[in-house]
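Novice: Take this sequence and fold it.
(one chain, ligands or ions: 2)
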Amino acid sequence: MKIDSQVKKKKYGLFSMTFYVFALGMKKRPFLLPSLAFFFLFMGIATTGKTFLKQMLFEAVGDLAEGRTSASLVAGYGVIMALIPIFFAAMNAVSTWIDQTFYGVTRGYMGERLNEKAAKVDPLVYEDNRFLDQVNKAYVGLEAVGEVVCSILHIMMEQCVYLVSMILYLYLVKPQLLFAFLLSLIPTAVSASLRRRMHAAKEHKAAPYRRKYEYFNRCFCSREYVKETRLWRAEGFFKKLYYRNLSEYARLDWETHRKSTLIDLGLKILQMAGYVGTVILLFYYVFRGELGIGIFAAVFTSLDDLDGRVSALFGSEIGTINTRFGQAQNYFDFLQLPERAGQDRLPLRRERIELRDVSFTYPGSEKPALSHVDLTIQKGETIAIVGVNGSGKSTLTRLLTGLYLPTSGQILIDGKDVSEIAPQTLYEDVSAVFQRYQSYKMTVAENVQISETEKTAGPDGSESKLPRISGTESKLTRISGAGIGLAERQKDGADPSGMVRSDVEKALEEADFPLENDKLTEGLETMLGKDFGGIDLSGGQWQRLAIARGLYRAHDMIVLDEPTAAIDPLEEARIYHKFAEISRGKTALIVTHRLGSAQIADRIIVMDGGHIVDLGTHEELMQREGKYREMYLAQAKWYQ
Ligand code: ADP
Ligand code: MG
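Specialist: Ligands and ions are numbered 1, 2, ... in the order given. Predicted structure coming up:
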């Protein structure tokens with residue numbers, strides 16, 4: 001599996017990134033981008049227009065004083081000037097609204113592409129830390145893309161148009177004036193750039209301290225830590241660490257502020273000189289009669305405006321592009337990760353799964369987790385996989401389900417190589433409960449029904465809205481089918497007692513989940529997990545719920561990979577018994593290190609150190625003086 005640096009990717013530059021977002025925006029909402037561009041452009045020109053209007057007003061006032069014009073003209077200009085702030089406020093509101101709609105729409109679609117991609121990359125890459133990092137960076141990048149493109153559009157359409165039209169205005173008024181004025185703007189631009197760079201450098205240096213103090217803060221006041229912290233009376237310990245890091249952060253912060261303020265002050269003095277120079281020039285031309293008093297007043301009152309604009313342009317706007325551009329690229333890098341290549345979309349019958357000399361090594365790992373495994377499983381068999389921790393049981397189930405492709409050797413389902421089967425078809429009829437299953441912060445019913453995500457067409461006609469996937473959650477979400485297929489469970493709700501039960505209740509009962517529980521005040525609709533105000537369950541209850549989820553999903557093949565650690569051995573044996581009954585006629589893989597539960601299987605695979613060391617029925621294995629018998633006798637006391 002190739003990830004990250006091994007794959008040649010197209011690097012997105014500012015231009016291609018902007019083009020990508022614009023093209024997406026134009027495709028989804030053809031009117032938004034042009035109207036946004038128009039508004040920005042208009043605002044840029046209107047700001048210069050304001051200066052021009054001021055000139056007209058002041059000139060009219062001068063004329064009025066000399067009796068050369070009527071009072072009503074001056075009053076007219078006055079009214080227009082008074083209305084301008086209102087007009088600008090309204091225009092600002094409209095452009096902000098279009099701006100947010102545009103980025104909301106494009107961000108939505110870009111997020112969807114990211115989610116789809118996260119669901120399509122080979123599940124194996126989630127075992128690689130570097131990849132998990134990439135996922136996070138891509139989500140941060142998604143936000144950054146919007147900000148970068150927004151800044152570019154803003155600079156291009158508004159700031160530049162304003163500056164250019166203002167420069168043109170000044171040039172037409174008096175070229176010398178323009179020169180002096182540009183000189184006064186340089187310190188502003190330099191100061192804004194310098195400050196931005198200093199703060200970026202500080203952020204780089206100080207970020208580790210910030211992450212640390214935030215972490216230590218969590219240690220003494222967040223839910224997951226608070227019990228241990230209280231018990232150990234470790235508040236003082238964490239507080240000390242917290243303050244140590246916080247003060248280091250504050251020190252760096254203060255140092256940067258001090259330096260940048262001093263630089264700023266120095267440059268302000270320079271700027272002041274330029275400013276004063278411009279004003280003196282203005283006076284000079286007025287006294288020589290080369291400039292009217294109207295122009296003098298208009299330019300004079302617009303100096304602050306211009307200064308603010310230049311400062312914003314070189315400070316925050318270019319700053320955003322500088323700091324966020326690298327992050328934005330991560331988004332595009334992620335979209336270019338390779339996907340599983342299988343193309344065959346024919347439905348699988350899974351009559352026969354065959355492993356031929358299969359070996360498997362995890363990315364970044366030296367030692368193979370499975371070595372030279374040969375195995376054939378027929379449809380309808382119940383197979384138990386036993387062995388000590390780390391012997392390769394979970395890895396074997398991941399290969400048998402097609403989730404991971406072998407590093408060497410071949411896996412055939414109905415004679416077809418797994419790597420040729422499209423991932424969408426591969427998991428369609430598979431259900432699984434993994435060792436590290438998820439406890440979803442949703443209602444009881446939703447926790448069971450999660451695999452029933454229907455194929456809802458995305459707004460752009462794409463296949464489905466996939467849930468955001470990260471880390472370990474991906475395996476489960478993928479194989480239990482959320483976002484991949486619809487669990488077409490037959491609606492045979494009536495049981496022999498005549499009571500009508502929902503499929504959800506049935507699955508819960510089959511998994512021995514206690515529905516008559518006082519805590520479940522709203523029955524199936526009870527919210528679970530403290531995060532959103534729900535109730536918490538015990539470890540055993542969460543496990544039963546996970547098993548119910550696995551049973552609920554329509555399947556031809558099901559995997560139970562030791563989701564029973566918090567359930568005692570006898571209870572586990574009972575659940576597995578029931579499980580075998582339910583899955584009669586279907587292929588079932590049960591993984592356990594408790595051999596009492598394995599007896600229900602048609603065949604038992606004994607694993608050790610990544611090898612299949614024995615294979616047979618319980619009786620056959622007991623007759624051999626092997627590992628199985630040894631383990632079984634050692635555990636026999638659990639079942640007495
Ligand atoms: P079991 O389920 O029998 O406990 P596993 O299949 O989980 O065993 O693990 C088999 C071997 O592969 C172990 O040596 C384990 O350390 C290694 N392994 C499991 N998962 C990973 C992973 N994500 N990355 C690297 N090594 C792994
Ligand atoms: Mg395991």
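Novice: give the contact list for the residue of the stretch 101-250 of the chain found nearest ligand 1.
Specialist: Nearest residue of the stretch 101-250 of the chain to ligand 1: E127, at 3.8 Å (C-beta to the nearest ligand atom). Quick note: C-beta positions are derived from backbone N, CA and C, even for glycine. Neighbour list for E127: 362-364 [criterion: C-beta atoms under 8 Å, 6 or more residues apart in numbering].
Novice: how close does the nearest residue to W542 once chain neighbours are set aside get to L528?
Specialist: In space, and not counting its chain neighbours, W542 is closest to S439: 4.8 Å by C-beta to C-beta, 6 or more residues apart in numbering. Distance, S439 to L528, by C-beta to C-beta, to the nearest Å: 7 Å.
Novice: Same check on G44?
Specialist: For G44, the distance to L528 - C-beta to C-beta - is 53 Å.
Novice: can you check V559 too?
Specialist: V559 is 23 Å from L528, by C-beta to C-beta.
Novice: L132 now?
Specialist: 26 Å.
Novice: Neighbour count: those two, which is higher?
Specialist: The neighbour comparison of L132 against L528 (other C-beta atoms under 10 Å) goes to L528, with 23 against 16.
Novice: can you tell me which residues contact Y242?
Specialist: 213, 216-217, 219-220.
Novice: at 6 Å what do you get?
Specialist: 213, 216-217 (C-beta atoms under 6 Å, 6 or more residues apart in numbering).
Novice: buried subset of those?
Specialist: Among the contacts of Y242, those scoring as buried are 213, 216-217 (criterion: 16 or more other C-beta atoms under 10 Å).
Novice: Dump those to CSV, plus secondary structure, distance to G402 and pLDDT.
Specialist: Listed next are these as CSV, based on DSSP: H, G, I helix; E, B strand; the rest coil; distance: C-beta to C-beta, whole Å; pLDDT from 0 to 100:
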residue, secondary structure, distance to G402, pLDDT
Y213, helix, 45, 90
F216, helix, 44, 90
N217, helix, 44, 90
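Novice: What score does the residue of the stretch 101-250 of the chain closest to ligand 1 have for pLDDT?
Specialist: Per-residue pLDDT puts E127 at 78.
Novice: quick one: it from L403, how far?
Specialist: Using C-beta to C-beta, E127 is found at 11 Å from L403.
Novice: Overlap of the contact sets of the two?
Specialist: Common contacts of E127 and L403 (C-beta under 6 Å, 6+ apart): none found.
Novice: for the protein, what helix or strand is lowest in average pLDDT?
Specialist: None of the helices or strands of the chain scores lower by mean pLDDT, DSSP states H and E than helix 473-479, at a mean of 42.
Novice: what's the longest helix in the chain?
Specialist: The helix that spans the most residues within the chain, counting by DSSP state H, is helix 235-287.
Novice: Which parts of this structure are strands?
Specialist: Per DSSP state E, the chain carries strands over the ranges 352-360, 370-378, 382-387, 408-413, 416-417, 430-433, 557-561, 587-591, 603-608, 611-616.
Novice: returning to that earlier point: determine how far the longest helix of the chain lies from the middle of the whole chain.
Specialist: 35 Å (C-alpha atoms, centre = their mean, to the nearest Å).
Novice: List, one by one, the residues from this protein near ligand 1.
Specialist: 127, 362, 365, 369, 387, 389-395 (C-beta under 6 Å from any ligand atom).
Novice: Pick the one among the residues you listed closest to ligand 2.
Specialist: Within these, the smallest distance to ligand 2 is 3.1 Å, found for S394 (C-beta to the ion).
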